[in-house]
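Participant: coords below, sequence missing:
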DNA sequence: CAGTGTAGTAGAACGGTGTTCTAGTATATG
DNA sequence: CATATACTAGAACACCGTTCTACTACACTG
């Protein structure tokens, strides 16, 4: 057997190995590390396999983008599963931020365009809707419980999302001007909810 | 005279021509357009001149970054010059957003890390402080006028900045889930200020 | 004004990138 | 078992950031 061809990844594993390698590279070394050759090398496959499975580099990035939104949706759904609407609302804010803290690199791919040549497909953009819908649902639950009075839940969700995203994003950009207190995010959350004229149940 | 060397930019103009070209390319074609050869071509200079004047590509990007913060600071100072503190506060929010709308590409370089290989120097990061300080000043004026009661002006500024940035950034990312109403930003501003327990003077 | 130093220019080269293509070979499938 | 499919290696190309060399046009000084 030719030693130069001693390794060959089983067909069923190739795509997953590529994605696993890409996610690891992105998380550990940032977006610049996402080169075809490096992904292939870490995945232990031939560079051409990336094209065979994902079409081009953008296909890999899109898969990461979409998996990020899937995970974010799951986190929001877990918050929504909490019985008390107010607690669910706060939990959604925390879950959102926690996601961004746990996976900053993916978060930036999802929201901050850190891979400038990547443009999500319309299919991928559909994926972004699900986490948003969950937030709308949570806000509707708060409205039904009279925790929040009035307003279009979609508008409320967009505003709330903006606020939390802003907090997270500035933190990521290293443009915090002050040393954040231990409970700064909770204070921030208090302030945002105050802006929704929220009346807590507890 | 050798026709191939018929053009030579006067020494005093080279850096400015490079910066002008870079800003135009960034604004019109996005961060991927910022290549040394393309900048040089648009500027009408030799690629080596970019290195002579800016050290490397990052030097060009840093100059754009810093000029962005200078302009943002100017916009915030104009808002701060308004006599009524509450009006000044609202105006600062509008000015911030208007800046981002007018110059989205520069804004993204400043806040969204859209050029992944670029890391601002510590000098450049000092530039980011001035606009923030102006916002702190505006909030302190509101406190002095009892429009806002209590709280550390620095923390308030960080939170407010986060909120407005979030609104702007999600808009840039094209992740708005809803059709924004004509006055959506004003409503958003109302909501953020409500979160600061703001009592308007007018 | 002439001479010298400086800076702008053109071009080449190198390692790296994304992508496309070709040909060989090991699995996967029927 | 035979054939089709998919994985692999390698080459090539245009483009990128960067570095280097040599030439030439200004800019400055005496």
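Facilitator: Nice, I can see it. Since this is a predicted model, take the numbers as computed values, not measurements. Numbering: from 1, shown residues only, chains lettered A, B, ... in the order given.

Participant: so what's residue A:105 up against?
Facilitator: Applying CB atoms under 8 Å, 6 or more residues apart in numbering or on different chains, we find residue A:105 in contact with A:26, A:27, A:30, A:31. For the C-beta atoms, the positions are set from N, CA and C on the backbone; glycine is no exception.

Participant: In helices, which of the residues you listed appear?
Facilitator: A:26, A:27 (DSSP state H).

Participant: Just the buried ones from the contacts of residue A:105?
Facilitator: Buried residues within the contacts of residue A:105, counting neighbours by 16 or more other CB atoms under 10 Å in any protein chain shown: A:26, A:30, A:31.

Participant: does the first one really touch residue A:38, like I thought?
Facilitator: No - counting by CB atoms under 8 Å, residue A:26 does not reach residue A:38; the two are 10.8 Å apart.

Participant: Residue A:113 sits in which helix or strand?
Facilitator: For residue A:113, there is no enclosing helix or strand under DSSP states H and E.

Participant: contacting residues for it?
Facilitator: Neighbouring residues of residue A:113 by CB under 8 Å, 6+ apart: B:108, B:112, B:114, B:172, B:173.

Participant: and with 10 Å instead?
Facilitator: A:119-120, B:30-31, B:108, B:112-114, B:116, B:169, B:172-174 (CB atoms under 10 Å, 6 or more residues apart in numbering or on different chains).

Participant: list the residues that contact both of residue A:26 and residue A:38?
Facilitator: residue A:32.

Participant: Name the residue of chain A that lies nearest to chain B.
Facilitator: Distance from chain B to each residue of chain A (CB to the nearest CB) is smallest for residue A:166, at 2.2 Å.

Participant: who's in contact with that residue?
Facilitator: Counting by CB under 10 Å, 6+ apart, the residues that residue A:166 touches are A:188, A:192, B:111, B:159-170, B:192.

Participant: Grab the nearest non-local neighbour of it.
Facilitator: Spatial nearest neighbour of residue A:166, excluding adjacent residues (CB to CB, 6 or more residues apart in numbering or on different chains): residue B:166 at 2.2 Å.

Participant: secondary structure element for that neighbour?
Facilitator: helix B:153-172.

Participant: With residue A:182 instead?
Facilitator: When elements are defined using DSSP H and E, residue A:182 is found to belong to no helix and no strand.

Participant: mind checking how far it is from DNA strand D?
Facilitator: Applying CB to the nearest atom of the strand, to the nearest Å, the value for residue A:182 to DNA strand D is 40 Å.

Participant: Which strands or helices does the helix or strand harbouring residue A:24 pack on?
Facilitator: Element membership for residue A:24, per DSSP H and E: helix A:14-29. Contact analysis of helix A:14-29 by 3 or more CB pairs under 10 Å, 6 or more residues apart in numbering or on different chains; DSSP states H and E lists helix A:36-43, helix A:47-54, helix A:57-80, helix A:104-111 as its packing neighbours.

Participant: Mind listing what's buried along it?
Facilitator: Buried positions in helix A:14-29, judged by neighbour count with 16+ other CB under 10 Å: A:14, A:15, A:17, A:18, A:19, A:21, A:22, A:23, A:25, A:26.

Participant: again, but for stretch A:116-124
Facilitator: A:116, A:118, A:120, A:124.

Participant: ok, now stretch A:162-177?
Facilitator: Neighbour counts over stretch A:162-177 (16+ other CB under 10 Å) mark A:162-173, A:175-177 as buried.

Participant: Stretch A:35-42 now?
Facilitator: Residues of stretch A:35-42 classed as buried by neighbour count (16+ other CB under 10 Å): A:36, A:38, A:39, A:40, A:42.

Participant: State the pair within these that is farthest apart.
Facilitator: Among the buried residues of stretch A:35-42, the pair separated by the greatest distance (CB to CB) is A:36 and A:42, at 11.2 Å.

Participant: and for these two, which residues touch both?
Facilitator: Common neighbours of residue A:36 and residue A:42, counting by CB under 10 Å, 6+ apart, are A:18, A:22.

Participant: Thought residue A:67 was touching residue A:27, still the case?
Facilitator: No - using CB atoms under 10 Å, residue A:27 is not in contact with residue A:67, being 12.0 Å away.

Participant: does residue A:120 sit in a helix, a strand or a coil?
Facilitator: Recorded secondary structure, residue A:120: coil (DSSP: H, G, I helix; E, B strand; the rest coil).

Participant: DNA strand D versus that one, what's the distance?
Facilitator: Taken as CB to the nearest atom of the strand, the span from residue A:120 to DNA strand D is 23 Å.

Participant: And the residue lying closest to that residue once chain neighbours are set aside, how far from DNA strand C?
Facilitator: Sequence neighbours aside, residue A:65 is the residue nearest to residue A:120 in space, at 5.7 Å (criterion: CB to CB, 6+ apart). Residue A:65 sits 15 Å away from DNA strand C, taking CB to the nearest atom of the strand as the criterion.

Participant: which stretches of chain A have low pLDDT?
Facilitator: Low-confidence segments of chain A (pLDDT under 70): A:1-6, A:175-177, A:199-202.

Participant: Domain parsing of chain A, as residue ranges.
Facilitator: A:12-55, A:65-202 (automatic domain parsing).

Participant: Deepest in the core, which of those is it.
Facilitator: Most buried of the domains of chain A, by mean neighbour count (mean count of other CB atoms under 10 Å in any protein chain shown): domain A:65-202, with a mean of 19.

Participant: Residue A:18 reaches residue A:55, doesn't it?
Facilitator: No - contact criterion CB under 10 Å: residue A:18 and residue A:55 do not qualify, at 11.9 Å.

Participant: Secondary structure class of residue A:116, three-state.
Facilitator: Secondary structure of residue A:116, per three-state DSSP, is coil.

Participant: Give me the phi and psi angles of it.
Facilitator: When read as degrees, to the nearest 10, the backbone of residue A:116 gives phi -60, psi -30.

Participant: Distance check, the closest residue to it other than its chain neighbours against residue B:49.
Facilitator: Of all residues not flanking residue A:116 in the chain, residue B:31 sits nearest, at 4.2 Å (CB to CB, 6+ apart). To residue B:49, residue B:31 is 21 Å away according to CB to CB, to the nearest Å.

Participant: Equivalent analysis for residue A:157, please.
Facilitator: 50 Å.
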